[in-house]
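Visitor: Any chance you can model this:
(chains A, B, C and D)
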Number of protein chains: 2
Amino acid sequence: MQRNNGAGNADADRSTTVPPGRPGPTRGNVLDRGVRLLRAFRPSEGALRLTELSRRTGLPKATVHRLAEQLTALGLLQRAPAGFLLGIGLFELGELVPVKLRLREAALPFMQDLYEATHETIHLGVRDGLDVIYADKIRGHAGIDTPSRVGGRLPLTCTGVGKVLLAYAGQGLIDEVLAQPLPRLTAHSVTDPGRLADELAQIRYSGVGYDRQEAAPRLSCVASPVLVHGQIVAALSISVPAHQLQPARLAPAVRTASLALSRVLSRAPDNH
Amino acid sequence: MQRNNGAGNADADRSTTVPPGRPGPTRGNVLDRGVRLLRAFRPSEGALRLTELSRRTGLPKATVHRLAEQLTALGLLQRAPAGFLLGIGLFELGELVPVKLRLREAALPFMQDLYEATHETIHLGVRDGLDVIYADKIRGHAGIDTPSRVGGRLPLTCTGVGKVLLAYAGQGLIDEVLAQPLPRLTAHSVTDPGRLADELAQIRYSGVGYDRQEAAPRLSCVASPVLVHGQIVAALSISVPAHQLQPARLAPAVRTASLALSRVLSRAPDNH
DNA sequence: CGTGGCCGTCCCGCCCAACGGAACGGTCGC
DNA sequence: GCGACCGTTCCGTTGGGCGGGACGGCCACG
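Guide: Alright, predicted model coming up:
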């Protein structure tokens, strides 16, 4: 029997998988299948029909039917005229996750300050593996379009928030990132390891990081770390149209907010 | 072994299995148990230890151990020094739920407008059964404390947002609510069905509803409906200290925002 | 230093519930 | 009317979920 991820550092990589020779007929356990069903839904899509779910998950139709019915009873899915949608129960659970519950609660007022001072789009991001996950984002009517989405992922090296998170994440992770080819989202994405290393050092020196159209064309941003007891827990950023990037004005603003948030978080119950 | 924590509320009631005469030894399927594990977590609590999870769910320790391990591999839980926490994967999934993804995206700029005009706490709520679920909430440093939480529930009849949602929900639901005793959160909560009916009519007439310390002491609010094709989908509100409730100033603001949001949502792809 | 409580982990045989191929009935559009 | 595709239901098979129990580590006791 497989003992499966001893230390379980990285992620997923469920060792189950099909033993090479066999075209495994049944693989996976029930929970895995249920989650696979939920993950079949993507943003900006509507309801999914039973057959489509079956296609995406590779599960037999009868199985999907049974599981989807159970998930619906649990509130994780809901029926729509045109198939299934993710249910409100999933939203309720998601809001209980500490990254959301604690961090956002503390950060929101400072994000509001930043928004009011600049009227630009504000991000709050945390690190998961080699990605940044956006914990929150606020924008007004005029806010610039960004590839980010609350709950969405982007590579650490392609965004301001991500580079800041990486800069303070420790040498081990930095080495790991530099060792493999750097992902590229635009023509401006940093793909030279040496240049990235320099930039990370510069971030640690100044407490501010930049993204110059590295995640999306015409989009730049200024980011700053949120540290608790010397440990990085998140990063804040302001996103602006590339031609309006004014470090002299934005850097102090974002730095001030991140320092103030760091201070608030440092004296908190903090059950980690 | 006692028959699991009752949890007598409506919920589930899966008609399958459990022939009436038998004291079902194990009831519930795998997915149900997994979700029960996730729902054992409550806001403002830290990590839960294996034994505590076992206590709360009524599941044997060995079972909890196995399930928790699987959920961790799936990213729905994560290990902490002091036990388990809800995992970031759950947050990712929660952010894909349509109520969050679509509604919030559209509503946020209008909520920002309201915040900037008043600097009070702004809520966005949707209805689920007889509760309001808060889809979003923004507040600044000075924002008043509220019993609400993003992803949290309160009874429809005890909040401004809730009463507005109820007023437009259709006579069937209104009758259902009026038929049973009305919940009470404070001494000011409306518990007289006749008075509530009047108030709902007044809301439909004016497009604005009030909460006068009915959800929490010293907290009042002004709410207004978001309608798409005549159907209510959400409600917006401004919460203020009770002694500062100024309908003449706040009602037009919240009404304007809700109408503008209604208009935006009415011309959208809207895959329901 | 023994002891007893509580913890997380692991083992393993029992057996039931998950499984899915297949058949069915409804609803379109040609 | 016919075929394509849909969601639903049935039911025999079996693999994996199940959990009692054992184990070893870690305290706070006496």
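Visitor: Every contact and neighbour count from this point should use C-alpha atoms.
Guide: Fine.
Visitor: Where does the prediction get shaky in the stretch 151-272 of chain A?
Guide: For the stretch 151-272 of chain A, applying pLDDT under 70 flags the ranges A:268-272.
Visitor: where exactly do the helices run in it?
Guide: Counting by DSSP state H, counting those that start in this stretch, the stretch 151-272 of chain A forms helices over residues A:160-167, A:171-179, A:193-206, A:247-266, given from the N-terminal end onward.
Visitor: For the first one, name the packing helices and strands.
Guide: Using 3 or more CA pairs under 8 Å, 6 or more residues apart in numbering or on different chains; DSSP states H and E as the contact test, the elements touching helix A:160-167 are strand A:121-128, strand A:131-138, helix A:171-179, helix A:193-206, strand A:209-212, strand A:219-228, strand A:231-241.
Visitor: quick one: contacts of the first one?
Guide: Residues from elsewhere that reach strand A:121-128, judged by CA atoms under 8 Å, 6 or more residues apart in numbering or on different chains: A:107, A:111, A:114-115, A:132-140, A:143-144, A:156, A:161-162, A:165, A:233-240.
Visitor: Restricted to buried residues, select the residues you listed in PyMOL.
Guide: Here is the PyMOL selection string for the buried members of the contacts of strand A:121-128, based on 16 or more other CA atoms under 10 Å in any protein chain shown:
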select buried, chain A and resi 107+111+114+115+132+133+134+135+136+137+138+139+140+143+156+161+162+165+233+234+235+236+237+238+239+240
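Visitor: DNA strand C is nearest to which of the helices of the stretch 151-272 of chain A?
Guide: Using CA to the nearest atom of the strand as the measure, helix A:171-179 is the one of the helices of the stretch 151-272 of chain A that comes nearest DNA strand C, at 24.9 Å.
Visitor: tell me the angle of that closest one relative to helix A:160-167?
Guide: 120 degrees (axes from the mean of the first three to the mean of the last three CA atoms, to 10 degrees).
Visitor: quick one: helix A:171-179 to chain centroid distance?
Guide: Relative to the chain's own centre, helix A:171-179 is displaced by 19 Å; criterion: CA atoms, centre = their mean, to the nearest Å.
Visitor: elements contacting that helix?
Guide: Judged by 3+ CA pairs under 8 Å, 6+ apart, helix A:171-179 is in contact with helix A:160-167.
Visitor: just the helices of the stretch 151-272 of chain A: most buried one?
Guide: Across these, averaging neighbours per residue (mean count of other CA atoms under 10 Å in any protein chain shown) puts helix A:160-167 on top, at a mean of 30.
Visitor: In terms of helices and strands, where is the closest residue to A:L96 other than its chain neighbours?
Guide: Nearest-residue entry for A:L96: B:P43, 5.9 Å, with adjacent residues in sequence omitted and distances by CA to CA, 6 or more residues apart in numbering or on different chains. Using DSSP states H and E, B:P43 is not contained in any helix or strand.
Visitor: per-residue confidence for the closest residue in space to A:L31 that isn't next to it in sequence?
Guide: Excluding the flanking residues, the one nearest A:L31 by CA to CA, 6+ apart is B:L31, at 6.1 Å. Reading off the per-residue confidence, B:L31 sits at a pLDDT of 92.
Visitor: now do A:G28
Guide: Model confidence at A:G28, expressed as pLDDT, equals 66.
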